[in-house]
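# Compute the structure for the input listed below.
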Amino acid sequence: MKIVVLDGYALNPGDLSWEAVARLGDVRVFDRTPAAEVVARAAGAPVVLTNKTPLGAATLSQLPDLKYIGVLATGYDVVDVRAARVRGIVVTNIPTYGAASVAQFVFALLLELCNNVRLHADAVRAGEWTRNPDFSFHKSPLVELAGKTMGLIGFGRIGRLTGGIADAMGMRVIASDPRQGDAPPWDGFRWASVEQAMRESDVVSLHAPLLPDTRGMVNARSLGWMKPTAFLINTARGPLVVDRELADALDAGRIAGAGLDVLSVEPPAESNPLLSARNCLVTPHIAWATREARARLMEVAAGNIAAWAAGAPRNMVA
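A predicted model of the protein is given here:
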């Protein structure tokens, strides 16, 4: 069985092995595949794996041997799922591999906004503490999270893990999700609407999927609901946020800061206003990318292929 990996570098830049996939067939791994080369590289392969390389209807129509698409991520909008279904192509994703890593990264961003650790460490390295007459100094306001409110927009696996960390740090947690499920046993937890969560929270953390009704949900209007002292964190999907309107809110001081691991277009254009907005931390979509999470992703991807080959596909989205 021929297996083609269209863009394997992000998953495995060299610190993992493709052995688990290779045991299932003849594997050819490309670090990256330009759109113009997808058909040529995938030709004749019944199995194609992709992370961010698009597989649209026109491309699928040129791959008559394709029977299975494994998306090396949770989000699968890079595949035209409807076209795949029409052609009888099974599409799977990896739903749970990185929840702990992403929840951890939420707090990496948030704690940097609260404490500016790098700013102060750089100041010490530059000699400012050595020259300072006092035993202690700070170059920015420092924020304690205990007693503050975290609002979670989206309360699936990652949202719940994030809320658990917030609760452990003494924060009150409120959450908005159309499918609420069981309420966690945290003191003060309650369900809220999106507007209530944004109005009441000191930290708003986005964990919603990208759907037609969530695209652009963080915009000038909804940012106007937030406290001027509040922080926004986005480790979910970049297009949940209207870049220009968030940048304007930051620059005008309408909210205190933002930590973003995702942007509406990746990689971003140099002109993206969030790259220069006031008190805006932007990281290059790495919340998912701990070695531990990537190793789990690789294991589940191989398991998905094996299950499909055995006639019992799992993690199907089409």
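# which residues touch stretch 148-165?
Outside stretch 148-165, the residues that touch it by Cβ atoms under 8 Å, 6 or more residues apart in numbering are 96, 99-100, 102-104, 106-107, 166, 171-177, 180-181, 184, 186, 189, 192, 194, 197-198, 200-209, 217, 235-236. Every residue, glycine included, has its C-beta placed from N, CA and C.
# next one: stretch 6-24
1, 3, 5, 27, 29-33, 38, 41-42, 48-53, 72, 289, 291, 294-295, 297-299, 301-302, 305-306, 309.
# And the helices in the stretch 51-200 of the chain, which stretches?
57-60, 81-86, 99-115, 117-125, 128-131, 157-168, 194-200 (DSSP state H, counting those that start in this stretch).
# Could you list which of the contacts of stretch 6-24 belong to helices?
Residues of the contacts of stretch 6-24 located in helices (DSSP state H): 38, 41-42, 291, 294-295, 297-299, 301-302, 305-306, 309.
# Which entries within those residues meet the buried criterion?
Neighbour counting by 16 or more other Cβ atoms under 10 Å classes 38, 41, 42, 294, 295, 297, 298, 301, 302, 305, 306, 309 among the ones in helices among the contacts of stretch 6-24 as buried.
# Output the residues you listed in JSON lines; the columns should cover pLDDT and distance to residue 231.
Formatted as JSON lines, these follow (pLDDT from 0 to 100; distance: Cβ to Cβ, whole Å):
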{"residue": "38", "pLDDT": "98", "distance to residue 231": "40"}
{"residue": "41", "pLDDT": "98", "distance to residue 231": "43"}
{"residue": "42", "pLDDT": "98", "distance to residue 231": "43"}
{"residue": "294", "pLDDT": "98", "distance to residue 231": "28"}
{"residue": "295", "pLDDT": "97", "distance to residue 231": "31"}
{"residue": "297", "pLDDT": "97", "distance to residue 231": "29"}
{"residue": "298", "pLDDT": "97", "distance to residue 231": "33"}
{"residue": "301", "pLDDT": "98", "distance to residue 231": "34"}
{"residue": "302", "pLDDT": "98", "distance to residue 231": "39"}
{"residue": "305", "pLDDT": "98", "distance to residue 231": "41"}
{"residue": "306", "pLDDT": "98", "distance to residue 231": "43"}
{"residue": "309", "pLDDT": "97", "distance to residue 231": "46"}
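# Please identify which pair of these lies farthest apart.
Comparing all pairs in those by Cβ to Cβ, the longest separation belongs to 38 and 295, at 26.7 Å.
# Pull up the gap between residue 280 and residue 215, please.
20 Å (Cβ to Cβ, to the nearest Å).
# okay, these two: which has more neighbours?
residue 280 (19 against 14; other Cβ atoms under 10 Å).
# mind listing the strands for the protein?
2-5, 26-29, 47-50, 68-71, 90-92, 149-153, 172-176, 190-191, 203-206, 231-234, 257-260, 280-282 (DSSP state E).
# Using JSON lines, lay out the ones you listed together with mean pLDDT and distance to residue 19.
Formatted as JSON lines, the strands of the chain follow (pLDDT from 0 to 100; distance: least, Cβ to Cβ, whole Å):
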{"stretch": "strand 2-5", "mean pLDDT": "98", "distance to residue 19": "13"}
{"stretch": "strand 26-29", "mean pLDDT": "98", "distance to residue 19": "9"}
{"stretch": "strand 47-50", "mean pLDDT": "98", "distance to residue 19": "15"}
{"stretch": "strand 68-71", "mean pLDDT": "98", "distance to residue 19": "16"}
{"stretch": "strand 90-92", "mean pLDDT": "98", "distance to residue 19": "20"}
{"stretch": "strand 149-153", "mean pLDDT": "98", "distance to residue 19": "38"}
{"stretch": "strand 172-176", "mean pLDDT": "98", "distance to residue 19": "40"}
{"stretch": "strand 190-191", "mean pLDDT": "96", "distance to residue 19": "45"}
{"stretch": "strand 203-206", "mean pLDDT": "98", "distance to residue 19": "36"}
{"stretch": "strand 231-234", "mean pLDDT": "98", "distance to residue 19": "35"}
{"stretch": "strand 257-260", "mean pLDDT": "98", "distance to residue 19": "35"}
{"stretch": "strand 280-282", "mean pLDDT": "98", "distance to residue 19": "35"}
